[in-house]
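**Q** I'd like to go over a predicted model; first the sequence, then the structure.
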Amino acid sequence: MFDSFDAVLLARIQFAFTVSFHFLFPAFTIGLASYLAVLNGLWLRTGRDVYRDLFKYWTKIFALTFAMGVVSGIVMSYQFGTNWSVFSDKAGPVIGPLMAYEVLTAFFLEAGFLGIMLFGMKRVGSKLHFFATLMVAIGTCVSAFWILSVNSWMQTPTGHAIDAVTGQFVPVDWLSVIFNPSFPYRLTHTVTAAYLTTAFIVGGVGAFHLLKARRRGVGASEGVRVMFSMAMWMAALVAPLQIVLGDLHGLNTLKHQPVKVMAMEGHYQSYPEGAPLILFGIPNSAEKRMDYAIEIPKLSSLILKHGWNEPLAGLDTIRESEQPPVGIVFWSFRVMVGLGFAMLLVGLWSLWARWRGKLFNAPVFHGFVLLMSPSGLIAVLAGWITTEVGRQPYTIYGLLRTAESAAPLDAPAVGSSLVAFVVVYFLVFGAGTFYILRLMGYPPQPGETPLGDAGDGPIRSAGITPGMPREPVLAEGS
């Protein structure tokens, strides 16, 4: 069945599929863990029960999302030893210790305090419980630190030498390896994206229940209004910051990976006197041109070089064997940027509605926020595709090509495991996602039951009180 396929391409598709599934969960849990810490702290500071109820409500969702993130992440580590054994052998002396540091710091920190955070609200003191929640939130950020350090080193490798005998990458300066040139930009951009992702999911759930309460002719609960307000504050404050960080990250990429920027901008040709910003178009790699381009003259030079007439080199200066797939990078970058500006619109719109006293009585705005609720997840996937596909044809940029990194496997072996992953992932994680949407379909209740409380077993633990009228779930209502 797979005999006519390229084994390297199938291995790339398999890793892209599994990492895409995995990336969605940490993108949500990093921000959600911090949100839970804020809710817990606000409850201790103010004594308002609404913060405690929201904490209990979102803890159940966090537990499921965190579990799926851990399980989906384990699979990728096995692929390093199966499909990408040559890469693992050559890059192992650098990447192996960094991944071990992630386990020894972040994973141990999360695992050590996660049980107290999830099940200890009534079993330990409130201050200890808050400390445990804070440690879990810090642990998610520490995990992002190490994982993004690994990825950034693969993008901008420094602090290493290449062993003349084995061909392995050997660390000679760990600080240069960890804090490589693109790492600070990628870390801040990715973590901020995680906070925006959480803000829009929380805001989308709040908007869903505000609209549902309006249709039923009743007022939304205090919990719904508080979580929607908090999410909109986050969108208003973080969305413009993310655009600034994205611009800085782009300038860093131009310095260290100019070919990636050429593909992102769709610049097949060089521009000696100012490059246009191509808003939309159809990349034509066969003819080396952008068909049906809609562009703004010289704006790309202004953004990237801060001058209207600054020259920008194009892909015509790069050997074809060194170029990434332009179409994928061009469009994934526009999806990410477009959603970023849509998030900014939501943030500004929320400030306008808040100033007019209409934040909880603006159905058109609530409908738009509900529509935007998965935008953070889509944007982080688009950003990941831009980063990783734009690095091609290398796994370690400029040093180790992707075709030289794969294990010597036959296409049928890789293809059959790819099919197995697709089937299992959609069944297992599809069921988990559906259950999360069911939990989101119920609004937070006063006196919300904490996770693992005795009483009515799994029904009460899921936050569904016996006798509660059944309401449309988010999966149906959206």
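**A** It's in.

**Q** going forward, measure contacts and count neighbours with C-alpha atoms only.
**A** OK.

**Q** Who are the contact partners of residue 243?
**A** If you count contacts by CA atoms under 8 Å, 6 or more residues apart in numbering, residue 243 has them with 340, 341.

**Q** I'd like the distance between it and residue 188.
**A** 11 Å (CA to CA, to the nearest Å).

**Q** Ok, residue 102 next?
**A** 18 Å.

**Q** Residue 343 now?
**A** 17 Å.

**Q** neighbour count winner among those two?
**A** Using other CA atoms under 10 Å as the criterion, residue 343 and residue 188 rank with residue 343 on top: 27 against 18.

**Q** my read: that one touches residue 241, true?
**A** No. Using CA atoms under 8 Å, residue 343 and residue 241 do not qualify as a contacting pair, with a distance of 11.3 Å.

**Q** Tell me, how many residues neighbour the closest residue to residue 285 other than its chain neighbours?
**A** Spatial nearest neighbour of residue 285, chain neighbours left out: residue 326 (7.2 Å); criterion: CA to CA, 6 or more residues apart in numbering. Close neighbours of residue 326, defined as other CA under 10 Å, add up to 25.

**Q** Phi and psi next, for residue 326.
**A** phi -70, psi -40 (degrees, to the nearest 10).

**Q** go on, residue 338?
**A** phi -60, psi -40.

**Q** Tell me which stretches of the stretch 101-250 of the chain form strands.
**A** Taking DSSP state E, counting those that start in this stretch to define them, one finds strands in the stretch 101-250 of the chain at 160-162, 169-171.

**Q** Quick one: these as CSV, columns for distance to residue 87 and mean neighbour count too.
**A** Below are the strands of the stretch 101-250 of the chain laid out as CSV (distance: least, CA to CA, whole Å; neighbours: other CA atoms under 10 Å):
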stretch, distance to residue 87, mean neighbour count
strand 160-162, 13, 15
strand 169-171, 10, 19
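
**Q** In JSON lines, list those along with mean pLDDT.
**A** Shown next, in JSON lines, are these (pLDDT from 0 to 100):
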{"stretch": "strand 160-162", "mean pLDDT": "92"}
{"stretch": "strand 169-171", "mean pLDDT": "93"}
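
**Q** so which of the ones you listed comes closest to residue 12?
**A** Closest to residue 12 of these is strand 169-171 (CA to CA; 21.8 Å).

**Q** Sheet partners, orientation included, of the closest one?
**A** Here strand 169-171 is paired, per DSSP bridges, with strand 160-162 (antiparallel).

**Q** if I look at residue 36, how far off is residue 274?
**A** Taken as CA to CA, the span from residue 36 to residue 274 is 48 Å.

**Q** Looking at those two, which is more packed in?
**A** Using other CA under 10 Å, the more surrounded residue of residue 36 and residue 274 is residue 36, with 27 against 20.

**Q** That one and residue 61 touch, don't they?
**A** No. With contact defined as CA under 8 Å, residue 36 does not count as touching residue 61 (10.9 Å).

**Q** First-to-last residue distance for stretch 394-412?
**A** Per CA to CA, stretch 394-412 runs 24 Å from first to last residue.

**Q** pLDDT averaged over it - what is it?
**A** For stretch 394-412, the mean per-residue pLDDT is 88.

**Q** Relative to its centre, which residue of this structure is most distant?
**A** residue 165 (38.8 Å; CA atoms, centre = their mean).

**Q** Contact partners for that residue?
**A** Here residue 165 is in contact with no residue (CA under 8 Å, 6+ apart).

**Q** Distance of the closest residue to residue 82 other than its chain neighbours relative to residue 89?
**A** Sequence neighbours aside, residue 407 is the residue nearest to residue 82 in space, at 6.7 Å (criterion: CA to CA, 6+ apart). Applying CA to CA, the value for residue 407 to residue 89 is 10 Å.

**Q** okay, those two: which has more neighbours?
**A** More neighbours surround residue 407 than the other of residue 407 and residue 89, with 20 against 17 (other CA under 10 Å).
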